[in-house]
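Q: turn this into a model:
(one chain, ligands or ions: 1)
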Amino acid sequence: MREELDKKLCEKYPLLYRDRNAPMTETCMCWGFCCGDGWYNIIDTLSALLCSKYNYAKENYESTKEYYENGGKWPWVDGKEIKPEDVEERRLKMVEAEESVPVVLQVKEKLGTLRFYINGGTEEHYNYIRFAELLSGRTCETCGAPGKVRGHGWYYTACDDHTEEGDLNDDTSE
Ligand SMILES: [Zn+2]
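A: Sure, this is the predicted structure:
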């Protein structure tokens, strides 16, 4: 994946890709995103899902803190007073959610589809990953257009435009 997109993912999801620049003795993530640009949207969406609980908790904490510091009331008509413990409760939830964000170990293409390895994931996280991996087998790795798995011996996922001429009549999709 080109550097600009790699950087964008790491900036958007720093918790998830916190090992992006760790040494290769510790993580395969040091090699970056080893797949084509066409899967950027799949990886971006998957990353958002893997962080969604944390992002929600963070926004909830930050907005409560802001209301507390600016008038101390919830922002609706006849809003109730916000107590310091309301802010603290949300801060603790954010910290808890932060600890539940898995770390990504490796992202690569193998046998034509995406492989996305994490550490510390829940069943929910693995379901999102399974979905993304299946979707990659229907998405051109080069350009992101609808495609299918092609090839003989070595496999790749491509739209018609990015398929080698000899593979155009293949149908390896189920
Ligand atoms: Zn394509």
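
Q: show me what the longest helix anywhere in the chain is packed against.
A: With secondary structure taken from DSSP state H, the chain has its longest helix at helix 52-69. Applying 3 or more CB pairs under 8 Å, 6 or more residues apart in numbering; DSSP states H and E, we find helix 52-69 packed against helix 84-99. All C-beta atoms are positioned from the backbone trio N, CA, C, and that covers glycine.

Q: which other residues reach the helix it packs on?
A: Under the contact criterion CB atoms under 8 Å, 6 or more residues apart in numbering, helix 84-99 has outside partners L15, K53, Y54, Y56, A57, K58, N60, Y61, T64, K65, Y68.

Q: pull the contacting residues for the residue lying closest to the first one once chain neighbours are set aside.
A: Just to be clear, that refers to L15. Excluding the flanking residues, the one nearest L15 by CB to CB, 6 or more residues apart in numbering is V101, at 4.5 Å. By CB under 8 Å, 6+ apart, V101 lies in contact with L15, L16, L50, C51, Y54.

Q: can you pick the most crowded of those?
A: Of all these, L50 has the most neighbours under the rule other CB atoms under 10 Å, reaching 25 neighbours.

Q: tell me which element the residue nearest to the spatial centre of the chain is part of?
A: Centroid check for the chain by CA atoms, centre = their mean gives S47 as the closest residue, at 1.1 Å. Assigned by DSSP states H and E, S47 belongs to helix 40-50.

Q: now do the buried residues in that helix.
A: Neighbour-count burial for helix 40-50 flags Y40, I42, I43, L46, S47, L50 (criterion: 16 or more other CB atoms under 10 Å).

Q: just give me the closest of those residues to W76.
A: Nearest to W76 out of the buried residues of helix 40-50 is L50 (CB to CB; 32.0 Å).

Q: so who does that closest one touch?
A: Going by CB under 8 Å, 6+ apart, L50 touches Y13, L16, V101, P102, I118, G121, H125, Y128.
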